[in-house]
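Engineer: no FASTA, just this:
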DNA sequence: CCGGCCGGCATTGCTAACAATCTGATTACT
DNA sequence: AGTAATCAGATTGTTAGCAATGCCGGCCGG
């Protein structure tokens, strides 16, 4: 009953937007980079652009501020939060611990068809590196992490990881562009897959942790 | 309609309350158990009780809902979220991973005076167990976890742990009442302290993880 | 020429009223 | 008597407007 919006992109259905919908749209706009860090988020402007009332904009900004995507200061409005390199490192360290947990649980719970699936991902990654296909490798990389999290069936960890990834997405992006990166991470990914498929929980957790800690090291070194 | 509230306790300065202050008060009310799980949170009632406007109540509830303390359903209002045993187990598992990370970093960064501090905590815990002083033991327990998190200087992990603890606080409480519990957890705590003070990062992380996983096991077994 | 007060503008914070929706019970009909 | 339609009360969702606050530029005094 809503969203007349034939404009591709976001805005301005005729009918007003609920606070949750608005929060969702703003979230994707921020993580996609459409709204850049430190950009001011003026309530009235957002209300006009997205066709929502200011009250809803206010609620949405509050929620995003709790999620860490937006920074609010009293009487001075909201802006897109800029995460520092130090914070990105911390976030990646936390992800290392959390995805390590997921790898552990995945190793305990994985079924035969899922093992086949992961091993096919391993093949795809090797091929991509052989062909120098960075795009394809990055895709498989994301798929691997997502699958392991899904297999772990640890929803609390999954939710936390997703929230943190939203904050650090800019750095993930930079990382994918590093030239020699796939050659370094491929063996780590293969080790993770091997351990999970072998039901070796400890090894899986450790392999995943080491992998993401190495990502943290790269971020640490990326800027001074 | 109720509680004209000149009751001593939290509320109602003359001036109305900002949304953030209100969220803070509601948060403590929930984690302290003043507001019980599944209790309805009617916007108008809260506004009257805390002397805030309904708009602020609404914003505060949205924030708490993002934090996972409150559950909101469309057009049906908000209530204090009841976390299931399964969720409490998941939360404890995540804490195991995160506090493991903190223990690791603490072991890397700990200084001499901090080592002395932790070792004094170890003495206090042993004494408390010897004397059967459950209260004192529980206190030292909390202090230990807090100190290690502080020493780690991992703010992202610290914030995440705190948020999760807020959700599972009810189960923590139950746990402290278990009769034979201190005898089991004391050696685990001592192992953590030893590893951290010895700058053995791997051992510290593993000891902390094992400790909290054992807590998760107790919760798992607590109810069917 | 420079530095501190002052007033207007932009923006947020807040309030009160209105509209939409849900719940539960009463009533009418088979 | 049982079931379905309906209506009243309560509660949430939304909107518009008002008050408060901070920022910026001009004006006055030194």
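Structural biologist: Arrived safely. What you see is a predicted model; the values in this text were computed from it and never measured.

Engineer: Only C-alpha atoms from now on, for both contacts and neighbour counts.
Structural biologist: OK.

Engineer: what is residue A:40 paired to in the beta sheet?
Structural biologist: With DSSP bridges as the criterion, residue A:40 is bridged to residue A:79.

Engineer: State the helix or strand in which the most centrally placed residue in chain A lies.
Structural biologist: For chain A, residue A:165 is the residue whose C-alpha lies nearest the centre (CA atoms, centre = their mean; 3.2 Å). Residue A:165 belongs to helix A:155-177 when assigned by DSSP states H and E.

Engineer: angle of that helix against helix B:155-176?
Structural biologist: 160 degrees (axes from the mean of the first three to the mean of the last three CA atoms, to 10 degrees).

Engineer: hang on, the earlier thing: tell me how far the residue nearest to the centre of chain A lies from residue A:215.
Structural biologist: 13 Å (CA to CA, to the nearest Å).

Engineer: Kindly report the residues of chain A close to chain B.
Structural biologist: A:58-59, A:62-63, A:66-67, A:87, A:90-91, A:93-94, A:97-98, A:100-101, A:154-157 (CA under 8 Å from any CA of the partner chain).

Engineer: Which ones among the residues you listed map onto strands?
Structural biologist: Of those, none are assigned to strands by DSSP state E.

Engineer: Please flag which of the residues you listed sit within helices.
Structural biologist: Those of these mapping onto helices are A:58-59, A:62-63, A:66-67, A:87, A:90-91, A:93-94, A:97-98, A:100-101, A:155-157, per DSSP state H.

Engineer: So how do I select the buried members of the residues you listed in ChimeraX?
Structural biologist: Buried residues among those (16 or more other CA atoms under 10 Å in any protein chain shown), as a ChimeraX selection:
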select /A:58,59,62,63,66,67,87,90,91,93,94,97,98,100,101,156,157
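
Engineer: ok, and of the ones in helices among the residues of chain A next to chain B, which contact DNA strand C?
Structural biologist: residue A:58 (CA under 7 Å from any atom of the strand).

Engineer: and stretch A:44-54, which residues are buried?
Structural biologist: For stretch A:44-54, a neighbour-count test (16+ other CA under 10 Å) marks A:46, A:47, A:50, A:51, A:52, A:53, A:54 as buried.

Engineer: give me the low-pLDDT residue ranges for chain A?
Structural biologist: Residue ranges of chain A with pLDDT under 70: A:1-16, A:223-224.

Engineer: Run through the helices of it in chain order.
Structural biologist: Going by DSSP H, chain A shows helices at A:19-31, A:43-50, A:54-67, A:85-109, A:112-131, A:134-152, A:155-177, A:181-197, A:201-222.

Engineer: got the angle for the shortest one vs helix A:54-67?
Structural biologist: Put plainly, it is helix A:43-50. Angle of helix A:43-50 versus helix A:54-67, following the same axes, to 10 degrees, is 100 degrees.

Engineer: Are helix A:43-50 and DNA strand D in contact anywhere?
Structural biologist: No - residues of helix A:43-50 contacting DNA strand D under CA under 7 Å from any atom of the strand: none, with a closest distance of 8.9 Å.

Engineer: does residue A:47 really touch residue A:59, like I thought?
Structural biologist: No - counting by CA atoms under 8 Å, residue A:59 is not a contact partner of residue A:47; they are 11.6 Å apart.

Engineer: From DNA strand D, how far out is residue A:183?
Structural biologist: According to CA to the nearest atom of the strand, to the nearest Å, residue A:183 and DNA strand D sit 48 Å apart.

Engineer: ugh, typo on my part, it should be residue A:166
Structural biologist: Distance from residue A:166 to DNA strand D, counting by CA to the nearest atom of the strand: 25 Å.

Engineer: same question, residue A:70
Structural biologist: Between residue A:70 and DNA strand D the computed distance is 18 Å (CA to the nearest atom of the strand).

Engineer: Bridge partners for that residue, pull those for me.
Structural biologist: Beta-bridge partners for residue A:70, by DSSP bridges, are residue A:80.

Engineer: That one: neighbour count?
Structural biologist: Neighbours of residue A:70 under the rule other CA atoms under 10 Å in any protein chain shown: 25.

Engineer: contacting residues around it?
Structural biologist: Applying CA atoms under 8 Å, 6 or more residues apart in numbering or on different chains, one finds that residue A:70 lies in contact with A:61, A:64, A:78, A:79, A:80, A:81.

Engineer: one more time with 6 Å, if that's ok
Structural biologist: A:64, A:79, A:80, A:81 (CA atoms under 6 Å, 6 or more residues apart in numbering or on different chains).
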